[in-house]
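J.: have a look at this prediction, sequence included:
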Number of protein chains: 2
Amino acid sequence: MLQDLPFDIASLHAAYASGTDPRDVAAESFRRIEAAGDPAIFLHLVDPAAAAAAAAALPPFDPVAYPLWGVPFAAKDNIDAEGCPTTAACPAFAYQPSADATAVAALKAAGAILIGKTNLDQFATGLVGVRSPYGFPRNAVDPLIVPGGSSSGSAVSVARGLVSFSLGTDTAGSGRVPAALNNIVGIKPSLGAISATGLVPACRTLDTISIFALTVEDAWAAFRAAAVYDRADAYARPFDLAPLAAPAPTFRVGVPTPGTRKFFGDAIQAAAFADALDALRALGGEVVELDFTPFYDVAEMLYEGAWVAERYAAIEQMMRERPEEVHPVTRAIIGKAEGLSAADAFRGFYRLQALKRHTDPLIDSVDLIATPTMPTFYSVADLEADPVTPNSNNGTYTNFVNLLDMCGIASPLAARSDGRPGSITLLARAGKDAQIAALASALHRRAGATLGATGWALPAAPEAATVAGPGEIALVAVG
Amino acid sequence: MLQDLPFDIASLHAAYASGTDPRDVAAESFRRIEAAGDPAIFLHLVDPAAAAAAAAALPPFDPVAYPLWGVPFAAKDNIDAEGCPTTAACPAFAYQPSADATAVAALKAAGAILIGKTNLDQFATGLVGVRSPYGFPRNAVDPLIVPGGSSSGSAVSVARGLVSFSLGTDTAGSGRVPAALNNIVGIKPSLGAISATGLVPACRTLDTISIFALTVEDAWAAFRAAAVYDRADAYARPFDLAPLAAPAPTFRVGVPTPGTRKFFGDAIQAAAFADALDALRALGGEVVELDFTPFYDVAEMLYEGAWVAERYAAIEQMMRERPEEVHPVTRAIIGKAEGLSAADAFRGFYRLQALKRHTDPLIDSVDLIATPTMPTFYSVADLEADPVTPNSNNGTYTNFVNLLDMCGIASPLAARSDGRPGSITLLARAGKDAQIAALASALHRRAGATLGATGWALPAAPEAATVAGPGEIALVAVG
């Protein structure tokens, strides 16, 4: 029964190996979207006939040559897909792109089938997911809490099993916070690993397209397929992304000292993080406590300092000519840039450079850093009462990451004692994506967490990778 | 006779080995300054008694432990030296520093004796050397041409043999253009190799203290002594600076295509550059012609784009409160930043990043790049007629270097056919300082050029370096 088929890639590929037609899987994706009953997840759906045609046009099933063969996916609506408008959740900003974003094209070339474009905090500014004139997607796990943003629709569509994976974006944490709030995996790639060609910029120097999936393995497969070095993107950098391997048997993992952990009174979240540290130790981690103050100092610069001017630069014409078309909360945040001079911008860079003198030795003292993905949970009602403070708090453990040129992954852990989703974020210097993903996979498997809000079980660990691509070393992935 | 003693380090150290007293050398430096009859070279002289005391306080002569033992030097007056005011050539800006700049302290620790602080284009903004309210130093070679700037006094003081070496600074070419105009060597170090602690910023992200000397060997010795990694300077980076070695026997050297060389009608300079390419070939160079257009595109951003805001940020209070105290030409240039927003600054970074996609492959296609140091010579009268255009033209081959994070060295060549000093600039990615210095030394020796305006001959090639310091490889330096 297709209706019961888990949409993780292993399950899909097993079905395809048994003769399932990818047109039927695409149709099933549309059926599930309809059945989900939440019109605010997607802002635009691909014409089902066009999706079926894309499925029919796939080459013969070959999951080695086409690792995403027949895999349905969604893209955040600040990423171009030919034939769909790009809105960035601002109707007045909408345009019809002439081509797929480079990342979307790469995914399609790997066999993936685009199903639709997802809702977001307008102009990717926010971590809550409720700043959209199109309404907001309900959180997949608990409709009372916010879905998380800015990649709200991308996270919820995966968490509800509507698509196998999705593209989000991450400038301040938009690829991690919604993952944690919806019990799924979010990869925040190293800056430049995935092309930003065809992406509406938020902060051009910090933006990266990100990946949501139900499992680390699926997210990694999509990331590898999407990560095509793109000379046309001035910020692109080449990274060698090997297949997912086993994590290092021992490692040093930096965590905030107890005195510099922030949970805003959420004792359950604090306890869940302590449990997560035990899990890290069980997997070979030596936990090293770091005074997190300089990371918080960096984080504050993202919205209080010069970088808000990047958001302004991206939509300056609209802010000048049609400010009323911008969401009022978004307008208030981005409008702060209007008073910032170029000299202010440089002073911001000087301060960041100075702060790196404090963060660099901390980062260099460990193999990776582990934090909660966010300090606590906020309800939709909390955001109605105060649209800014909960959003800022959500960025506690994410806002410094892009400014410090780090990669990250948010991975589900066992549910908290109150049933809310558990999550951890692993961070490292750009280029160490594979190392933190390997550990995230082990943590996820150890926790035995279910997948998003689907009720599906984590699939068996993949077979050892026996076929290595050119320039790759064959590695064994273990659960 | 001390009056006839060349002030290159080899000659000085030979004199010291024969019993010369460093107090007498310091006194001779002051005598030469007085005899030079140009009160606009130095803005402040160290008290001769204090300099004599510093000389007397030196440890026993040991040129290995103290490579600058007893060597008189000057510092541009935007670099702090305890006991001397720092003016940056703006009387209203002057302050009394409480400590030596880190570089000055490092030079003193290596045995060097500070003689005074030198004149400059105000706030190190300019390449001509005539933008100072204190008057301007006469060019050491030909008083009709400009001395070059902004490090005018530092270059002239070395070229006239008043001191052995001097500190300048280089943001746009201020460490190279005055070297070429005065027939001396100018090292523009990789950004961060020499600490900027105690330096009045021009463009904080691009500034480096630079070195002037009569020979590459002397400049390299001073550079090595000054280059102390300084964690207190947020832009400092550690570089391993080995003793000067022999140049590579063969190398690929990029040069502008004939069609993208700029001489502003100076056929003699064009011919001199063609001769310089023959010299490079004779030393093993394979000359590779590069379309220089993208380098010029980068160069234009330095004063036309966002980076002028760094100069503004450095003196914002004065520009707001006492603009009349700023040199009118300088004020006009830096004042352009007043209309620049933070969004403009980011747009500048985006453009630079995009341009790097064009310059990076060119830089990577060769081992180093060779250019004229400046396209032509301008007279003092030219600058009186137009204070801006000749200055801009002077930066043709220098303005892109710091924006592209390159190191450089300007080295004298044989005099041009009209007797004006010949010069070449060698450029490479940051960290390749030693490679280009080695080649510059070979070019200088091959040209047999005289030293500055002193009439002194180039000293014999130093003995092979037989004593390697910790972490260094002993290398043989050949002429």
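T.: Done, it's in. Numbers count the residues shown, from 1 in each chain, chains lettered A, B, ... in the order given.
J.: what sits closest to A:Ser132 if chain neighbours are left out?
T.: Nearest non-adjacent residue to A:Ser132, counting by C-beta to C-beta, 6 or more residues apart in numbering or on different chains: A:Ala89, 4.4 Å away. For the C-beta atoms, the positions are set from N, CA and C on the backbone; glycine is no exception.
J.: again with A:Tyr303
T.: Once flanking residues are discounted, A:Tyr303 sits nearest to A:Ile333: 6.6 Å by C-beta to C-beta, 6+ apart.
J.: contact partners for the closest residue to chain B within the stretch 1-150 of chain A?
T.: Closest to chain B within the stretch 1-150 of chain A is A:Phe123: 14.2 Å, counting by C-beta to the nearest C-beta. With contact taken as C-beta atoms under 8 Å, 6 or more residues apart in numbering or on different chains, A:Phe123 is in contact with A:78, A:88-90, A:93, A:200, A:202, A:311, A:314-315, A:326, A:330, A:334.
J.: rebuild the residues you listed as JSON lines, extending it with distance to B:Pro67, secondary structure and neighbour count.
T.: As requested, the contacts of A:Phe123 are exported to JSON lines (distance: C-beta to C-beta, whole Å; DSSP: H, G, I helix; E, B strand; the rest coil; neighbours: other C-beta atoms under 10 Å in any protein chain shown):
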{"residue": "A:Asn78", "distance to B:Pro67": "58", "secondary structure": "coil", "neighbour count": "32"}
{"residue": "A:Ala88", "distance to B:Pro67": "60", "secondary structure": "coil", "neighbour count": "27"}
{"residue": "A:Ala89", "distance to B:Pro67": "63", "secondary structure": "coil", "neighbour count": "31"}
{"residue": "A:Cys90", "distance to B:Pro67": "63", "secondary structure": "coil", "neighbour count": "23"}
{"residue": "A:Phe93", "distance to B:Pro67": "62", "secondary structure": "helix", "neighbour count": "20"}
{"residue": "A:Val200", "distance to B:Pro67": "56", "secondary structure": "coil", "neighbour count": "26"}
{"residue": "A:Ala202", "distance to B:Pro67": "52", "secondary structure": "coil", "neighbour count": "25"}
{"residue": "A:Arg311", "distance to B:Pro67": "51", "secondary structure": "helix", "neighbour count": "27"}
{"residue": "A:Ala314", "distance to B:Pro67": "52", "secondary structure": "helix", "neighbour count": "23"}
{"residue": "A:Ile315", "distance to B:Pro67": "57", "secondary structure": "coil", "neighbour count": "26"}
{"residue": "A:Val326", "distance to B:Pro67": "62", "secondary structure": "coil", "neighbour count": "23"}
{"residue": "A:Thr330", "distance to B:Pro67": "60", "secondary structure": "helix", "neighbour count": "25"}
{"residue": "A:Ile334", "distance to B:Pro67": "55", "secondary structure": "helix", "neighbour count": "28"}
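J.: tell me the one of those residues nearest A:Val185?
T.: Nearest to A:Val185, judged by C-beta to C-beta, of the contacts of A:Phe123 is A:Asn78 at 20.6 Å.
J.: residues contacting the closest one?
T.: Contacts for A:Asn78 (C-beta under 8 Å, 6+ apart) come out as A:86, A:88-89, A:120, A:123-124, A:169, A:199-200, A:202.
J.: likewise A:Ala385?
T.: Applying C-beta under 8 Å, 6+ apart, no residues qualify as near A:Ala385.
J.: so what pLDDT did it get?
T.: Listed pLDDT for A:Ala385 reads 96.
J.: could you do A:Ala232 as well?
T.: At A:Ala232, pLDDT is 95.
J.: try A:Pro247
T.: 95.
J.: the stretch 251-400 of chain A: helices as residue ranges?
T.: A:267-282, A:293-304, A:308-314, A:316-321, A:328-334, A:342-364, A:380-385, A:389-394, A:399-403 (DSSP state H, counting those that start in this stretch).
J.: packing partners for the longest one?
T.: Identification of packing neighbours for helix A:342-364 by 3 or more C-beta pairs under 8 Å, 6 or more residues apart in numbering or on different chains; DSSP states H and E yields helix A:293-304, helix B:308-314, helix B:342-364.
J.: what's the shortest one in contact with?
T.: To tie it back to what came earlier, the one meant is helix B:308-314. With C-beta under 8 Å, 6+ apart, helix B:308-314 has contacts from A:341-343, A:345-347, B:123, B:125, B:200-206, B:302, B:319, B:333-338, B:340, B:345.
J.: let's go with 6 Å and repeat that
T.: Applying C-beta atoms under 6 Å, 6 or more residues apart in numbering or on different chains, the contact partners of helix B:308-314 are A:342-343, A:346-347, B:201-204, B:334, B:336-337, B:340, B:345.
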